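[1] kindly generate the corresponding structure for this input.
(one chain, ligands or ions: 1)
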Amino acid sequence: MSAHRLRLRFVPDGTEVRVPSGTAVFDAASWNGIAIDSTCGGYGTCKKCKVRVLSGEVAVSDVDPRAFSAAELADGWRLACRATAGADLVIEVPPLQTRPKAALAGVGRHVILRPSVQKRHLVLPEPTLEDQRSDLQRVLDAIDDLEPEPSLELLRTLGATLRSSGFDVTAVVVGEELLDVEPGDTTARRFTIAFDLGTTTVVATLLDLDSGQPLAVSSMLNRQQPFGADVITRISATMLDPGALELLRLRASETLAELTGEVCDEAGVDPAEVYEVTVCGNVTMMQLALGIDPEPLSMAPFVVSTHRLPPARASDFGVEVHPRAPAFVFPSIGAYVGGDIVAGILATGLTRDRRVRLFIDVGTNSEIALGSSERVLACAAPAGPAFEAAQIRCGVRAADGAIEAVRIAGEELSLQVIGDAEPIGICGSGLVDAVAELVGCGLLDHSGRFIPDDVAAAAHPGLCERLTMIGKERVFVLHWRGEDPAESVFLSQRDVRELQFAKASIATGWQILLRELGLEPGDIAQVLLAGSFGSFLTPASAVRIGLVPKLALPRIVTAGNVAGEGAKIAALSARERAEAAAILREVEYVELSGRADFNDLFIDQLSFPG
Ligand code: FES
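    As a prediction, this is how the structure comes out:
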């Protein structure tokens, strides 16, 4: 079922957008880079987001009568953050009183800076016998465009802070919470950290919320690695040992805490000035980091504990920043289409773009999303271990010494090695390249078999000696170390088979999504390859092995760490988080394992395209 889309046109800008019924006008504008005045960030308290509905009907909200006269309401004036679109609309946006800053983030996205962390410098009148307002009311009265709630912890120190600072303070509001009241004017300093909690690598980006700019980035291997390289082995660890879940939780906390220290040190930021964090990761990583039993994720019917976690704090992740800093966590669509993919969809703007785009996060579990602002479908394709170094005979992680690219021109084979070092093995992108080049030059046939020695000798006299045997298995030597092929870096027949299974699984996934949408490969305007494997693939090789549809190469884009970009976008704009929630509602999940057509399509996809 396709969700009903509405057409919203903003004047005088002229931009037209398509959004689902029920979307707030403020959000529709914000997601498309059209700024509307606001100081509350869309919480309905500042009454600055005034727009006029020129065509179409928008009901009067409960807040509108406090912002407009009856005549203005009759004339179509509404608060954009309270105006929900229920029909096609033409909206007039008045000139801005203050121009909000914007930052480029994600895949070429223009993100309007609307952090949920706000600071206000207040010089308050001191209490007198005539003015006996409470300490809290005195602060709240001075920020009446916001209506935050305090915590008990804040009240414990509020009186002392006001008096020790001579009632010259800065209120820190995060979302709907009065997080802190600090002595003096600290408005210039407010920071956040966006975490991408990956199974293999964890990345932290410290952002300045005044400028929207990243100040420091740090990454390290997830300390859960000793429990297994992928999510399934880590879940198994919790099933075998009752103490493992707590250990895995602690390892995640240590990883995030160490990165926090690094980015704060590098940028000269006191961790207490980090008032919020955002975290994205796959469902297993999030559940392990929060100590939630992951066992149901590993067996049919693959159920998540919740699509949307209850409000969490940075301290729940073991992150020591401001003690009450909230943690924004991305929602997940399904057990294997998690918050990292929601973050990726947010960063690419897939659900808001009119063009049909295909997003593939290539990995052991590959996630695929296809669609446009009309409709988006997603699925998870179990690609098997081909991209994991451990399952490839000479597989290594993408680090110094890994062959990351392979080229065959005539009888010449050239390798690109990370760190310009002596090759020690082959990583995921090198594997795809090697197979693509061998198919291209004919040493591998289209069924994925190495051609017979005599045929190879005739066709490629300069390369045929690399085609040899180790035991009973045929291999192609990429880099000789001595004369023994077993000591060298090679590609085996079994490695090729592993890759065939992986790419067939992914290709079957996008073929099924195309079928569901009634589209052809030629309708796809852009393919985005993401994730730690996808980002390093050569588009030409991805096409040659049939991992992606056969399209003109400029249409195939390696998009980098889009999940991390999504986490940054959510850190910079509270409104973009509403978009993440909308993605959860709008993206339709397609379960591949239940499909009658899966096997036939899969077998068709095993061979390499001609
Ligand atoms: S009232 Fe503040 S943005 Fe609408």
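
[2] from here on, just use CA atoms for contacts and neighbour counts.
    Noted.

[3] contact partners for the residue in the stretch 101-250 of the chain positioned nearest to the ligand?
    Residue of the stretch 101-250 of the chain nearest the ligand, by CA to the nearest ligand atom: residue 145 (7.6 Å). Residue 145 sits next to 39-40, 45-47 when contact means CA atoms under 8 Å, 6 or more residues apart in numbering.

[4] if we use 10 Å, what do you get?
    38-40, 43-48 (CA atoms under 10 Å, 6 or more residues apart in numbering).

[5] now it: phi and psi?
    Main-chain dihedrals, residue 145, degrees, to the nearest 10: phi -80, psi -10.

[6] one more: the one 10 residues further on?
    Its backbone dihedrals place residue 155 at phi -60, psi -30, with angles given as degrees, to the nearest 10.

[7] hang on, it packs against residue 139?
    No. With contact defined as CA atoms under 10 Å, residue 155 does not reach residue 139; the gap is 11.6 Å.

[8] those two: who's more crowded?
    More crowded of residue 155 and residue 139, by other CA atoms under 10 Å: residue 139, with 23 against 15.

[9] got a list of what the more buried one touches?
    Taking CA under 10 Å, 6+ apart as the criterion, residue 139 is in contact with 122-125, 133, 158, 162, 167, 169-171, 178, 181.

[10] can you do 8 Å?
    Residue 139 sits next to 122, 124, 171 when contact means CA under 8 Å, 6+ apart.

[11] most neighbours, which of the residues you listed?
    Busiest of the contacts of residue 139 [other CA under 10 Å] is residue 171, holding 24 neighbours.

[12] the closest residue to it other than its chain neighbours sits in which helix or strand?
    Excluding the flanking residues, the one nearest residue 171 by CA to CA, 6 or more residues apart in numbering is residue 181, at 4.5 Å. Using DSSP states H and E, residue 181 sits in strand 177-183.

[13] now that strand: how far from the chain's centre is it?
    30 Å (CA atoms, centre = their mean, to the nearest Å).

[14] direction included, what does the helix or strand following it pair against?
    Per DSSP H and E, the first helix or strand lying C-terminal to strand 177-183 is strand 191-197. Take DSSP bridges as the rule and strand 191-197 pairs in its sheet with strand 201-208 (antiparallel), strand 274-281 (parallel).

[15] could you dump these into CSV with distance to residue 426, mean neighbour count and mean pLDDT added?
    Shown next, in CSV, are these (distance: least, CA to CA, whole Å; neighbours: other CA atoms under 10 Å; pLDDT from 0 to 100):
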stretch, distance to residue 426, mean neighbour count, mean pLDDT
strand 201-208, 19, 24, 94
strand 274-281, 26, 28, 96
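
[16] now render the ones you listed as JSON lines, adding distance to residue 571.
    Output for these, formatted as JSON lines (distance: least, CA to CA, whole Å):
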{"stretch": "strand 201-208", "distance to residue 571": "8"}
{"stretch": "strand 274-281", "distance to residue 571": "6"}
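
[17] residue 259: which of the ones you listed is closest?
    strand 201-208 (6.2 Å; CA to CA).

[18] find the closest residue to the ligand in the stretch 501-610 of the chain.
    Closest point on the stretch 501-610 of the chain to the ligand, by CA to the nearest ligand atom, is residue 575, at 10.0 Å.

[19] surely that residue touches residue 42?
    Yes. Shown here, residue 575 and residue 42 form a contact pair, counting by CA atoms under 8 Å, at 7.3 Å.

[20] flag every residue of this structure that's near the ligand.
    Along the chain, the residues adjacent to the ligand under the rule CA under 6 Å from any ligand atom are 38-49, 79-81.

[21] no more questions from me, cheers.
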